[in-house]
Each structure stands twice: as C-alpha cells, then as structure tokens.
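**Q** let's see this in three dimensions:
(2 chains)
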Amino acid sequence: GENVEQHPSTLSVQEGDSAVIKCTYSDSASNYFPWYKQELGKGPQLIIDIRSNVGEKKDQRIAVTLNKTAKHFSLHITETQPEDSAVYFCAANAGGTSYGKLTFGQGTILTVHP
Amino acid sequence: DVKVTQSSRYLVKRTGEKVFLECVQDMDHENMFWYRQDPGLGLRLIYFSYDVKMKEKGDIPEGYSVSREKKERFSLILESASTNQTSMYLCASSYTYSGNTIYFGEGSWLTVV
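**A** Numbers count the residues shown, from 1 in each chain, chains lettered A, B, ... in the order given. This is a model prediction of the structure:
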C-alpha cells in the first residue's frame, strides 16, 4: 500500500518568515495530494491540494509543488503569521479504485513566534 | 457548508467495555471513514465504507468493527476496549471518486482506563 513520509516533525519560525514542509510517497499511481491544517481541539481542514497533472498550485500565501518523478511534494507558507501555528498533514491517495482513501504523513507541528 | 458530526467529543471508558462512536454527515457522501490519530503517527485508517452496508478494512482494523445501516451514519465499535485504544478518533466523508475532498469531523477523544 501507499506510504507517506513527512518532514520535519516540528518547525519553528519567526513571524514573517517562510515555512516549508516536505513529503514523499511510494505509490506511483497516486494522483491526488491534499494538505490539511489541524488547529488545537479541531478536526483537520483542507487548505490546498494538487493533482498529478500540475506541478505547482498557489493560493495567496500558501503554495504546493509536486515532483512526480521523484515522488515528493511540498507545502510552502510565505509571510507566516501566528495564526498559521497548527499541525499540518500531507496525504496521498491510492491510485485506481481506492474509493478516495488517503494515506497521511506523520504531521508537522508549526509554531510561528510573534 | 459540509458538516460531519461526531456525537461524543470526550469519553472515558473502562477496559473491557463495548464502545460506540457515532458519526453523521449531511452532504449525501457515499464514502465514510474512521481514522485514528496518535502523536508522531499521523492519521491511520481503521475502516472505511463506500456504500450502505459496505465496508472495507483499513490499515489498523484489529480490535474495531463498523456499521453503516444508513448512508449518512457510520459507527465505530470497540467490542472490548483496551488501554492501547486510548486515542483521538476522527470520522470523515467524501464523494465516491478518488481525488475528492475528504471532510473531517471535530474528533472524539477516547480514554480507556
């Protein structure tokens, strides 16, 4: 089955700096790569996703890049703010008739210091 | 807005008890999922269902079962709770096809003593 590795496990930045979280996946048939943000006491919420037919996608201060050859994808947050502090999860689907199952990375705890 | 509602946010149960975690979604989604979240391990899939009365094992099904009698409702059952099942449980739902957004509930914190 799919295996997703996520790094780093913790990331501490100053407000205004950029943050980058990286993930690798194992299933070459995967074609959907979402990122979720989980705030304290809440369930994960989708913040951005990318499909295998594009290499980069941007939404205001967040962007995701995908390298299918190397099987890795990354989340980039620019101009970080204290409210970006949360746990971030990457995920990948299993190709074929997987009914939308996602395999998640281990999570990254991002702390943005004012 | 999509709403996935988990009926119990915090539960404390004794070892050996039967535990039911209930989840309801209001978007007519075909797929429903139960994940378990533990620090450093991310979210791990316990079971999922792609239709009423249909279910498939995920990556860590041991010690759990599920029930889906109605499209909007998906229950996770711990037949005999054990302390190593103390965790956060997340229910989620999505439309059928792989690559559709999965929406999560707020989670149920279960402590087994």
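**Q** specify the beta-bridge partners of the spatially most central residue of chain B.
**A** In chain B, the centroid-proximal residue (Cα atoms, centre = their mean) is B:Trp34; its distance is 2.7 Å. Taking DSSP bridges, one finds B:Tyr47, B:Cys91 as the beta-bridge partners of B:Trp34.
**Q** quick check: it touching B:Cys91?
**A** Yes. Applying Cβ atoms under 8 Å, one finds B:Trp34 in contact with B:Cys91, separated by 5.8 Å. Yep, even glycine has a C-beta here, placed from its N, CA and C like the rest.
**Q** what sits in contact with each of the two?
**A** Among the neighbours of B:Trp34, those also in contact with B:Cys91 (Cβ atoms under 8 Å, 6 or more residues apart in numbering or on different chains) are B:21, B:23, B:74, B:76.
**Q** how about the third one: what's its closest non-neighbour residue?
**A** So the one you mean is B:Phe74. If you skip the residues right next to it in sequence, B:Phe74 has B:Met32 as its closest partner in space, 3.9 Å away by Cβ to Cβ, 6 or more residues apart in numbering or on different chains.
**Q** next, that neighbour: secondary structure please.
**A** Reducing the assignment to helix, strand or coil with DSSP: H, G, I helix; E, B strand; the rest coil, the entry for B:Met32 is strand.
**Q** so how many other residues sit close to it?
**A** Other residues near B:Met32 number 27, with proximity taken as other Cβ atoms under 10 Å in any protein chain shown.
**Q** check contacts around it.
**A** When the contact criterion is Cβ under 8 Å, 6+ apart, the partners of B:Met32 are B:23, B:25, B:48-49, B:68, B:74, B:91-93.
**Q** redo that, cut-off 6 Å
**A** Neighbour list for B:Met32: B:49, B:74, B:93 [criterion: Cβ atoms under 6 Å, 6 or more residues apart in numbering or on different chains].
**Q** A:Thr10: what's it in contact with?
**A** Taking Cβ under 6 Å, 6+ apart as the definition of contact, the neighbours of A:Thr10 are A:Ile109.
**Q** let's see the pLDDT reported for it.
**A** Listed pLDDT for A:Thr10 reads 97.
**Q** quick check: it vs A:Asp27, distance?
**A** When distances are taken as Cβ to Cβ, to the nearest Å, A:Thr10 and A:Asp27 turn out to be 27 Å apart.
**Q** cool, B:Ser8 as well?
**A** According to Cβ to Cβ, B:Ser8 and A:Asp27 sit 34 Å apart.
**Q** comparing the two, which residue is more hemmed in?
**A** Higher neighbour count among B:Ser8 and A:Asp27: A:Asp27, with 18 against 14, using other Cβ under 10 Å.
**Q** what strands flank the helix or strand A:Leu110 falls within, and is each parallel or antiparallel?
**A** In this assignment (DSSP states H and E), A:Leu110 forms part of strand A:108-113. Strand A:108-113 has the following sheet partners, assigned by DSSP bridges: strand A:10-14 (parallel), strand A:86-93 (antiparallel).
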